[in-house]
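Chemist: coords please:
(chains A, B, C and D)
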2 protein chains.
Amino acid sequence: MATRVRECSIADALAVIGERWSLLALREVFFGVRRFDQIQRNTGASRDILATRLRTLVGAGVLEKVQYEQHPPRYEYVLTDAGRDLQAVLTTVREWGERHVTEGEPPTVWRHSCGAELATRTVCAHCGEELRPGSLELIRTRWLEPA
Amino acid sequence: MATRVRECSIADALAVIGERWSLLALREVFFGVRRFDQIQRNTGASRDILATRLRTLVGAGVLEKVQYEQHPPRYEYVLTDAGRDLQAVLTTVREWGERHVTEGEPPTVWRHSCGAELATRTVCAHCGEELRPGSLELIRTRWLEPA
DNA sequence: CACCTAAGTTGTATTTCAAGACCCAGTCTA
DNA sequence: TAGACTGGGTCTTGAAATACAACTTAGGTG
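Modeler: Reported below is the predicted structural model:
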């Protein structure tokens, strides 16, 4: 039987951000930590793997490597527009982890610009209602022959 | 210098859903595909790895293995409450992929129960405003000594 | 009887990852 | 001016994870 794999933007996204350490490195950049050594220490990734991940993220246009010092040349990693758009992903992952995995108090707490301690909802852009189990219906899907 | 790793629910969540193939298997369950062979075909994961991932997800309380036939005994994977709560994660990942990775038409299209073709926003539960770059401020974070 | 399905498991080859040492260019400190 | 330090990596080596195909189990079908 011919195997066909579902073509899907989730798989496309995970090809960029789905490898081990990628999202944790991006988390650090969202935290304002932009330098290799600090990202390495705060995530616990090994240096060579982190270097590889950062290269991939730069290549995919999620991060940019910006020189912040001439002598000696030093670089930091800053978010592109595509990178900033990952905020929703990091937030939903974090809230799911807080609710279903982390035990005890949430290890990180955020404030939204409205002043409230952050909690989010993912809503339909059209009607504004929160997404619920069973509220989505698949209209169509594409398939790929594997290589 | 003592290395300290940031304690964080993103890392906790990724320990459960962050390995290769886990989110794609869950995507299939959200698609209504609940059986081993079909999940394997639709994701392209190898059978042994998929079996391992499904065990992990069942162990973490994200999926449940339910017998749907006595003779011969056959099982399918269904979402628990924690699993259903991953809808927001899968949706934000998919939309990010559509916007920044997938080229051409989105490979999957969904309809929300309100009738509209699905597009979502992640909003502050308190004020209802959409999350924006720079609208979050870190209040506090915990750290861990690595093992 | 031969073949099929579902849901895995097993064996082996390949790839990736982890940990730590090492490197390089420039800077600071005594 | 030697020695240590900093930032941002690369290299080596061994351990672990992954891929692929074949096999198993338990029963069903023609």
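
Chemist: what separates A:Val123 from chain B, distance-wise?
Modeler: According to C-beta to the nearest C-beta, to the nearest Å, A:Val123 and chain B sit 6 Å apart. Where C-beta positions appear, they are placed from N, C-alpha and C, glycine not excepted.

Chemist: To clarify, my last question referred to A:Ala119.
Modeler: A:Ala119 is 4 Å from chain B, by C-beta to the nearest C-beta.

Chemist: I'd assumed B:His126 was in contact with that residue.
Modeler: Yes: the criterion here is C-beta atoms under 8 Å, and A:Ala119 meets it with B:His126 at 7.0 Å.

Chemist: any residues in contact with both of the two?
Modeler: Common contacts of A:Ala119 and B:His126, defined by C-beta atoms under 8 Å, 6 or more residues apart in numbering or on different chains, are absent altogether.

Chemist: So for A:Glu64, what's the pLDDT?
Modeler: Per-residue confidence for A:Glu64 comes out at a pLDDT of 97.

Chemist: what about A:Gly115, is that helix, strand or coil?
Modeler: coil (DSSP: H, G, I helix; E, B strand; the rest coil).

Chemist: Count the neighbours of it for me.
Modeler: 9 (other C-beta atoms under 10 Å in any protein chain shown).

Chemist: Can you pull the phi/psi pair for it?
Modeler: Torsion angles at A:Gly115 (phi, psi; degrees, to the nearest 10) stand at phi 110, psi -20.

Chemist: Next: the one 4 residues further on.
Modeler: In this entry, A:Ala119 is assigned phi and psi values of phi -140, psi 140 (degrees, to the nearest 10).

Chemist: Quick check: chain neighbours aside, which residue is closest to it?
Modeler: Of all residues not flanking A:Ala119 in the chain, B:Ala125 sits nearest, at 4.2 Å (C-beta to C-beta, 6 or more residues apart in numbering or on different chains).

Chemist: ditto for A:Leu79
Modeler: Leaving aside its chain neighbours, A:Leu79 sits nearest to A:Val29 (5.8 Å; criterion: C-beta to C-beta, 6+ apart).

Chemist: Which residues of chain A lie near DNA strand D?
Modeler: A:35-38, A:47-48, A:51-52, A:54, A:65, A:68, A:72, A:74-76 (C-beta under 7 Å from any atom of the strand).

Chemist: so which of the residues you listed is the most crowded?
Modeler: A:Leu54 leads those on contacts (other C-beta under 10 Å) with 24 neighbours.

Chemist: show me the contacts for that residue.
Modeler: Contacts of A:Leu54 (C-beta under 8 Å, 6+ apart): A:Ala25, A:Phe36, A:Ile39, A:Leu63, A:Lys65, A:Tyr77.

Chemist: Could you do A:Ala116 as well?
Modeler: Going by C-beta under 8 Å, 6+ apart, A:Ala116 touches B:Cys124, B:Ala125, B:His126, B:Cys127.

Chemist: got it, and A:Leu138?
Modeler: Residues near A:Leu138 by C-beta under 8 Å, 6+ apart: B:Phe31, B:Gly32, B:Thr108, B:Val109, B:Trp110.

Chemist: okay if I get the residues you listed as JSON lines plus pLDDT, secondary structure and distance to chain A?
Modeler: Shown next, in JSON lines, are the contacts of A:Leu138 (pLDDT from 0 to 100; DSSP: H, G, I helix; E, B strand; the rest coil; distance: C-beta to the nearest C-beta, whole Å):
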{"residue": "B:Phe31", "pLDDT": "96", "secondary structure": "coil", "distance to chain A": "6"}
{"residue": "B:Gly32", "pLDDT": "95", "secondary structure": "coil", "distance to chain A": "8"}
{"residue": "B:Thr108", "pLDDT": "97", "secondary structure": "strand", "distance to chain A": "5"}
{"residue": "B:Val109", "pLDDT": "97", "secondary structure": "strand", "distance to chain A": "4"}
{"residue": "B:Trp110", "pLDDT": "97", "secondary structure": "strand", "distance to chain A": "5"}
